[in-house]
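J.: build me a model from this:
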Amino acid sequence: MHPARTLFVRSLLTCSAFLLGACVMRADATSEQPMHAASVTLQRSTCLGNCPSYTVTVTADGQINFVGHAHVQAGVASGLATPAQLANIFAAVKQAGLRSMRDSYVGSDDGCEMVMSDQPGVKITVVDAVGSKTVDFYNGCTGAVADAVRPRIEQLARSIDQQLDTARWIGKPMAPGKVEKADR
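T.: Now for the predicted structure:
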């Protein structure tokens, strides 16, 4: 083989090996460091009774912001989530398969076969590297489509509430329209 051609082939092989190694290293780094959400927001709406209505958001750095709308003790409150709580929330979002759900389960256009009035609703929004995904679920929406995702939405909302300990700001149900300032 001609010396110039041998040098070219060796250079090409070395370059290919280097680039292939860089791709493998990048794939390994990505798999070890999973993408986490930049923020997760849970919004609960009121019902005919005294269902707590509030919005709670947690960001990737652990900042918790709570805004009480009705039937809660805290008007505005904040806190800090631990890395373990954040990991549990991110895992719950993934397990629920939020991105595979419809954006809305509130009316007949969303697959609700029947819509009962005066029920609370849940809206969950996740913002991550892929973008923003919101699922709006009205508990009065019934039928095969809604009933298929209801357990996953309910479990995800419960997980967010439990991990962020929203009960400390909800407290005992208040009279309609009353909201007290948070002491915490």
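J.: mind checking the pLDDT average for the helix or strand encompassing residue 148?
T.: Secondary structure assignment for residue 148, by DSSP states H and E: helix 144-164. Helix 144-164 shows a mean pLDDT of 97.
J.: can you give me the helices for the chain?
T.: 3-32, 83-96, 144-164, 167-170 (DSSP state H).
J.: return the third one as CSV; C-alpha atoms alone will do.
T.: Yep, that's helix 144-164 we're talking about. Provided in CSV are the C-alpha atoms of helix 144-164 (Å, rounded to 0.1, in the frame of the first residue of the first chain):
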residue,chain,number,x,y,z
ALA,A,144,-63.8,5.0,29.6
VAL,A,145,-61.3,7.6,28.5
ALA,A,146,-61.3,9.6,31.8
ASP,A,147,-61.6,6.5,33.9
ALA,A,148,-58.5,5.0,32.3
VAL,A,149,-56.3,7.9,33.5
ARG,A,150,-58.1,8.9,36.7
PRO,A,151,-56.1,6.6,39.0
ARG,A,152,-52.8,7.8,37.5
ILE,A,153,-53.8,11.5,37.9
GLU,A,154,-55.1,11.0,41.4
GLN,A,155,-52.0,9.1,42.5
LEU,A,156,-49.7,11.8,41.0
ALA,A,157,-51.6,14.6,42.7
ARG,A,158,-51.5,12.7,46.0
SER,A,159,-47.8,12.2,45.6
ILE,A,160,-47.1,15.9,44.9
ASP,A,161,-49.2,16.9,47.9
GLN,A,162,-47.5,14.3,50.2
GLN,A,163,-44.0,15.1,49.1
LEU,A,164,-44.5,18.9,49.5
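J.: let's have the chain start at 175 instead
T.: Taking 175 as the first residue, the last one we looked at is helix 318-338.
J.: that helix vs helix 257-270, what angle?
T.: 170 degrees (axes from the mean of the first three to the mean of the last three C-alpha atoms, to 10 degrees).
J.: looking at strand pairing, list the partners for residue 252.
T.: Residue 252 has these beta-bridge partners by DSSP bridges: residue 239.
J.: neighbours of it, just the number please.
T.: Residues near residue 252, counting by other C-beta atoms under 10 Å, number 14. For glycine as for every other residue, the C-beta is placed from the backbone atoms N, C-alpha and C.
J.: isn't it right up against residue 237?
T.: Yes. Using C-beta atoms under 8 Å, residue 252 is in contact with residue 237, at 7.0 Å.
J.: residue contacts, residue 239?
T.: Residue 239 sits next to 230, 231, 232, 250, 251, 252 when contact means C-beta atoms under 8 Å, 6 or more residues apart in numbering.
J.: with residue 232 as the reference, measure out to it.
T.: 8 Å (C-beta to C-beta, to the nearest Å).
J.: please apply the same query to residue 323.
T.: Counting by C-beta to C-beta, the gap from residue 323 to residue 232 is 22 Å.
J.: which of the two has more neighbours?
T.: residue 232 (25 against 21).
J.: contacting residues for the more buried one?
T.: 213, 214, 238, 239, 255, 259, 260, 263, 334, 338.
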